[in-house]
Structures are given as C-alpha cells and as structure tokens.
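K.L.:
Below is the sequence, then the predicted model.
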Amino acid sequence: MKRVMIIGGAGSGKSTLARQIGDRTGLPVIHIDPMFWKPGWVQRAPDETRTLALQAAKGEEWVFEGNNTATMPERLARADTLVFLDIGTVRRLWRVVLRVLRHHGRTRPDMADGCPERFDWDFIKWVAGYRRGGRIKALQLIRSAPPHLSVFHLRSPAEVRTFLANIPTGIDGRKT
C-alpha cells in the first residue's frame with residue numbers, strides 16, 4: 001500500500017480516514033478540496049484543478065482523498081488501493097451538520113485557505129442527492145477498476161474501523 005485513493009460522498013469520512021491512514025503508515029495525505037477551491041469559496045478553473053491534482057498524483061506515495069471525476073482515471077492508474085466509503089445519506093448529512101457546527105466561521109484543515117465553514121442549503125441538498133448520482137458513478141468505477149487495484153467498498157463505520165485496524169503500522173518501516 002503506497003498510493004491510496006479514497007472516494008465517497010460528502011460527510012462519508014474521506015478526510016478523516018485519509019489522515020488516519022497517513023498517521024498509521026507515514027504516507028503523505030493529499031486533499032482534493034484545496035485544489036478545487038480558492039479563498040472565498042471561489043472555484044478554480046477546471047484545467048487548474050486538473051493540473052494540481054495530476055501533479056500531486058505523480059508522487060511515489062500518497063493517500064489522496066476526494067472525488068474530482070475529471071482526474072479519476074489518471075489517479076486510479078497510479079493508485080494501488082481504492083477505498084469507496086459508501087456511507088448512508090442520513091449519517092453523512094448528520095456528519096456534515098456536525099462539521100459545520102464544529103468549524104463554523106473557520107477553515108477546516110482539509111479545506112483551502114480562506115474558505116470558512118458555513119451552512120449552505122444548496123450544499124445540504126447536494127449531499128442528500130449523492131446516492132442518485134455520485135454513488136452510482138462510484139459503484140461503476142469500482143466495478144470497472146483496473147485489475148492492479150486492491151478495492152475496498154466500505155459501507156459502515158464498523159467496516160471502516162476494521163479496514164483501518166488491518167493496515168499494518170510502519171509500512172516499509174517508515175512509521176512506528
């Protein structure tokens with residue numbers, strides 16, 4: 001496990017799992033959101049996001065969390081492990097609300113600078129609609145994943161805990 005790609009809906013725990021894997025293994029963690037957003041919640045041009053994501057994916061080792069479908073084929077080609085966090089809508093919505101409350105007015109560690117957490121009904125609706133769009137694409141992705149990938153389709157917090165517990169610490173002797 002040298003290059004781990006984590007996908008899933010907002011509030012599924014992508015950033016948290018990425019940090020936990022990074023802490024456990026010593027692999028560097030890459031978040032897609034700072035590549036997608038500029039300060040003030042201004043979306044970057046798609047070509048700029050693509051360039052930043054593909055440049056980061058060139059690294060020899062990483063835990064790369066985030067969806068960004070425009071760069072998925074190239075990131076998948078480099079990854080050796082794909083984790084799909086397929087967490088239910090109610091749990092994800094609850095986590096998003098808690099995240100807003102916890103970080104309101106401040107920028108989360110996995111977000112672009114200058115993007116303070118806020119309550120946004122459009123975002124809540126987008127989170128709620130993930131199962132009708134993004135989830136279907138993610139399921140197609142894992143069904144057609146390149147054969148070199150180890151694929152993990154995790155559907156509950158218990159499955160995520162089990163997955164994490166089965167990752168040995170100190171991969172290649174880096175982290176103890």
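P.N.:
Thanks, I have it. Owing to the predicted nature of the structure, the values given are computational and were not obtained by experimental measurement.
K.L.:
use CA for all of it now, contacts and neighbours both
P.N.:
Noted.
K.L.:
Report the distance from stretch 19-33 to the chain centre.
P.N.:
Relative to its chain's centre, stretch 19-33 lies at 10 Å (Cα atoms, centre = their mean, to the nearest Å).
K.L.:
Quick check: which ranges of the protein have low pLDDT?
P.N.:
Along the chain, the parts satisfying pLDDT under 70 run over 170-176.
K.L.:
longest helix in the chain, by residue count?
P.N.:
For the chain, the helix with the greatest residue count under DSSP state H is helix 89-103.
K.L.:
any idea which helix or strand comes after it?
P.N.:
The first helix or strand that comes after helix 89-103 along the chain, using DSSP states H and E, is helix 121-128.
K.L.:
and that next one, which residues are buried?
P.N.:
Neighbour-count burial for helix 121-128, with 16 or more other Cα atoms under 10 Å as criterion, is recorded at 127, 128.
K.L.:
List the contacts of whatever helix or strand comes next after that helix.
P.N.:
Later in the chain than helix 121-128, the nearest helix or strand by DSSP H and E is helix 134-143. Outside helix 134-143, the residues that touch it by Cα atoms under 8 Å, 6 or more residues apart in numbering are 7, 8, 9, 82, 84, 86, 151.
K.L.:
what's the offset of helix 134-143 from the middle of its chain?
P.N.:
14 Å.
K.L.:
just stretch 140-148 next, same as before
P.N.:
17 Å.
K.L.:
List the buried residues for that stretch?
P.N.:
141, 142, 145.
K.L.:
I'd like these as CSV, with distance to residue 18 appended.
P.N.:
Compiled in CSV, the buried residues of stretch 140-148 are given as follows (distance: Cα to Cα, whole Å):
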residue, distance to residue 18
141, 19
142, 18
145, 20
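K.L.:
tell me which of those is nearest to residue 17?
P.N.:
Nearest to residue 17 among the buried residues of stretch 140-148 is residue 142, at 18.3 Å by Cα to Cα.
K.L.:
And that closest one, how far from residue 132?
P.N.:
16 Å (Cα to Cα, to the nearest Å).
K.L.:
Can you show me the CA trace of stretch 95-103 as PDB?
P.N.:
Provided in PDB are the C-alpha atoms of stretch 95-103 (Å, rounded to 0.1, in the frame of the first residue of the first chain):
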ATOM      1  CA  ARG A  95     -21.800  14.500   9.900                       C
ATOM      2  CA  VAL A  96     -21.900  17.500   7.600                       C
ATOM      3  CA  VAL A  97     -24.100  19.400  10.100                       C
ATOM      4  CA  LEU A  98     -21.700  18.500  12.900                       C
ATOM      5  CA  ARG A  99     -18.800  19.600  10.800                       C
ATOM      6  CA  VAL A 100     -20.500  22.900  10.200                       C
ATOM      7  CA  LEU A 101     -21.100  23.400  13.900                       C
ATOM      8  CA  ARG A 102     -17.600  22.400  14.900                       C
ATOM      9  CA  HIS A 103     -15.800  24.600  12.300                       C
END
